[in-house]
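[1] When you get a sec, could you give me coordinates for this:
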Amino acid sequence: MTKTLPLLAIVLVLAGCRIDSNIRESARCDGSLNSTEETVDDVFDADGDGYFDAEDLSCQETYGPEELDCDEEDPNVNPGVAETFCNDIDDDCDPDTLDAPDSDGDGFTPCEGDCDDNQALAAPGLPEEACDGIDNDCIDTTLDGPDVDQDGWTACDDCLDDDPNVNPSVTEVVCNGLDDDCNDQTLDGDDFDNDGFIHCFDCDDNDPLRYPGATEICEDGIDQNCTGSDEDCAPPTWDGVWSTNQVNYSCASNQVVFDFNAVSVVDTNPNISFTFVGNGNSPGTTSGTLGGGDTFTSTLFIGGLCDEQYDFDGTFTSGTTFSGTLTATFTDNSGTGFGCIDCTNQTWNLTGTR
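    Here you go, the predicted model:
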């Protein structure tokens, strides 16, 4: 009895195989349900994934490529499956879908470490290019740019890579003079008068003519440039050549000749000098000082048998005009009464313009 049971089991198994084999041989992959099938053509779908044996001629005649299974032993391989790269399997049963593609044509496939197969500038062995947003060498630890302040943001995106408290992840701090979040649109403060300076630093954010660096108008009672005070005006300078009325006089056998119609002024406040410009030799250059109210006094003394004393005094009445009096005094030192020959004291009222 113990010998009969194993033999009977073997007979039954072999009989079953003959039955399955006979079913497969008698069945036809025709898209119709027949008496040997539980579902349509199920004997031609060994792995039960809903796709039929691509090697069977009758299935090839009945079904299109999108319904044929290239591997009837693996339910994870059929036309409905997405291709998995680098597993050495034709997952989607499409030979045109490469298991190791080189989509960007850079000579490297994802299987060989190409970290971006749609970017020809990314492949193992390529040098890393700073700030191009690409992992060129396919090494995660190679940064796309320097991170000097070690805040996790490279200089490509960090607007101040010397300060770890300034980067795109930081919240903007008002009125600290920094673009904390590296976003030009996030203002450091309000600019109510739209003069380009926020209220934190604008001394009057309701007046667009007042802001740091504005042109200051001296002594107008307004602090235009936000320095904290209205600036004093610089004292005017009277430097330059001024036209005057014509003066002509000569004496001492033409040794003293007045012939001018202009004065050259050199202003080194409080000192000032006047050089009379023309064809004569007198009075030459008088020197003196500026006084209050833009007044001036100047003199020139020439000693000899006849002392010559020249005095020029007056007032600058505006930035372009002056009025003055030129006096020439001659004193005989010879004891003869003839030291000055025919020179007599003279006075001229001068008006100058520039």
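[2] Could you pull up the contacting residues of the most centrally placed residue in the chain?
    Within the chain, the residue whose C-alpha comes closest to the C-alpha centroid is residue 159; the distance, by Cα atoms, centre = their mean, is 9.7 Å. By Cβ atoms under 8 Å, 6 or more residues apart in numbering, the residues touching residue 159 are 166-167, 179, 182. Bear in mind the C-beta positions are built from the backbone N, C-alpha and C, glycine included.
[3] What is the nearest of these to residue 109?
    When the contacts of residue 159 are ranked by distance to residue 109 (Cβ to Cβ), residue 167 comes first, at 36.4 Å.
[4] Secondary structure element holding the nearest residue to that closest one once chain neighbours are set aside?
    Once flanking residues are discounted, residue 167 sits nearest to residue 153: 4.0 Å by Cβ to Cβ, 6 or more residues apart in numbering. Assigned by DSSP states H and E, residue 153 belongs to neither a helix nor a strand.
[5] Tell me the spacing between residue 153 and residue 174.
    With distances taken as Cβ to Cβ, to the nearest Å, residue 153 is found 21 Å from residue 174.
[6] Equivalent analysis for residue 338, please.
    Counting by Cβ to Cβ, the gap between residue 338 and residue 174 amounts to 90 Å.
[7] where in the chain is pLDDT low?
    Within the chain, the set of residues satisfying pLDDT under 70 comprises 1-26.
[8] can you list the domain ranges for it.
    According to automatic domain parsing, the chain is divided into the following domains: 22-99, 104-144, 240-353.
[9] Using CSV, lay out those together with distance to residue 220 and mean neighbour count.
    Converted to CSV, the domains of the chain look like this (distance: least, Cβ to Cβ, whole Å; neighbours: other Cβ atoms under 10 Å):
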stretch, distance to residue 220, mean neighbour count
domain 22-99, 77, 16
domain 104-144, 50, 15
domain 240-353, 17, 16
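[10] would you turn those into JSON lines with distance to residue 188?
    Conversion of the domains of the chain to JSON lines gives the following (distance: least, Cβ to Cβ, whole Å):
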{"stretch": "domain 22-99", "distance to residue 188": "49"}
{"stretch": "domain 104-144", "distance to residue 188": "25"}
{"stretch": "domain 240-353", "distance to residue 188": "43"}
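[11] Compare those domains and give me the one nearest residue 193.
    Proximity of these to residue 193 was assessed by Cβ to Cβ; the nearest stretch is domain 240-353, lying at 33.4 Å.
[12] For that closest one, measure first residue to last.
    One end of domain 240-353 sits 10 Å from the other (Cα to Cα, to the nearest Å).
[13] again, but for stretch 250-264
    With Cα to Cα applied, stretch 250-264 spans 21 Å between its terminal residues.
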